[in-house]
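1. okay, sequence plus prediction incoming.
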Amino acid sequence: MSQTKNVKPADLVEGFGAAAFGAHIFRVEIPAAAKGDVTIIEDYGLKGGDNGVPPRETRLVLPRRFWSAIAETARKDFSTRLKARKMATPRWTTGDNKVDRMLGKELCVLAWAAEHANSVDECKAIAAKWAALKPEERWWLFSQTAAEAGLAEDKDAGWRKALYHALSSGKAENKKARSIRPADDAPTTLQLF
């Protein structure tokens, strides 16, 4: 008769709370090259490939400098919540970082807003505003964005840009100042007869 090993819940997860085998998770691929872009992928696990569900979808590719500006905020937020559930609190490492499905959705919201930033400082401001959102708010924002513009190639589509404006100062570099009509050019009243 074989003995069964005592399996702890912590033994069934990897990385940032991701199930160890076959689950729907997110992957954050961080290249070893210091200037390589970071890729966030939604991996559908065992359900991928069945009933029209793709095996995986690349959600976005983020320049490394922008990733570096937001990564620590996301790690701290996720670690606090994982610690409350008595789970390991990892760090981002080069290679494949597995992230729980719900945390991955939240991370996409942050990264989608940061991808339109004009500077590293603006990314940090975006991360601070993201940290103030509740998880449920982030999940809703993910659902809205993913339904319309959730893939890497959808960078300039509606909700993706809206996230940037919602979580940043919203000032675009090329934004023109609104012109104001001079007072002496009052609109003319049209006569009917």
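-> Received the coordinates, thanks.

2. what are the boundaries of the strands in the protein?
-> Along the chain, the segments classed as strands by DSSP state E run 13-14, 18-19, 25-30, 38-43, 56-62, 95-100.

3. counting contacts, what elements does the fourth one pack onto?
-> The one in question is strand 38-43. Judged by 3 or more C-beta pairs under 8 Å, 6 or more residues apart in numbering; DSSP states H and E, strand 38-43 is in contact with strand 25-30, strand 56-62, helix 101-114. All C-beta atoms are positioned from the backbone trio N, CA, C, and that covers glycine.

4. I'd like to know which of those lies nearest to G45.
-> Distance to G45, taken as C-beta to C-beta, is lowest for strand 25-30 among the helices and strands packed on strand 38-43, at 6.6 Å.

5. hang on, the earlier thing: let me have the strands of the chain in CSV, extended by distance to A113 and mean neighbour count.
-> CSV is the format used below for those (distance: least, C-beta to C-beta, whole Å; neighbours: other C-beta atoms under 10 Å):
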stretch, distance to A113, mean neighbour count
strand 13-14, 27, 20
strand 18-19, 23, 19
strand 25-30, 16, 22
strand 38-43, 13, 21
strand 56-62, 11, 19
strand 95-100, 17, 20
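
6. make CSV out of these and add mean pLDDT and distance to I70.
-> As requested, the strands of the chain are exported to CSV (pLDDT from 0 to 100; distance: least, C-beta to C-beta, whole Å):
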stretch, mean pLDDT, distance to I70
strand 13-14, 88, 22
strand 18-19, 90, 19
strand 25-30, 96, 11
strand 38-43, 96, 10
strand 56-62, 95, 8
strand 95-100, 96, 14
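
7. nearest to A157, out of those?
-> strand 56-62 (11.9 Å).

8. what lies in contact with the closest one?
-> Contacting residues not belonging to strand 56-62 are listed as 26-27, 37-44, 48, 108, 111-112, 114-115, 146, 150-152, 155 [C-beta atoms under 8 Å, 6 or more residues apart in numbering].

9. try it again with 6 Å
-> Contact partners of strand 56-62, identified using C-beta atoms under 6 Å, 6 or more residues apart in numbering, comprise D37, V38, T39, I40, I41, E42, D43, C108, A111, E115, A152.
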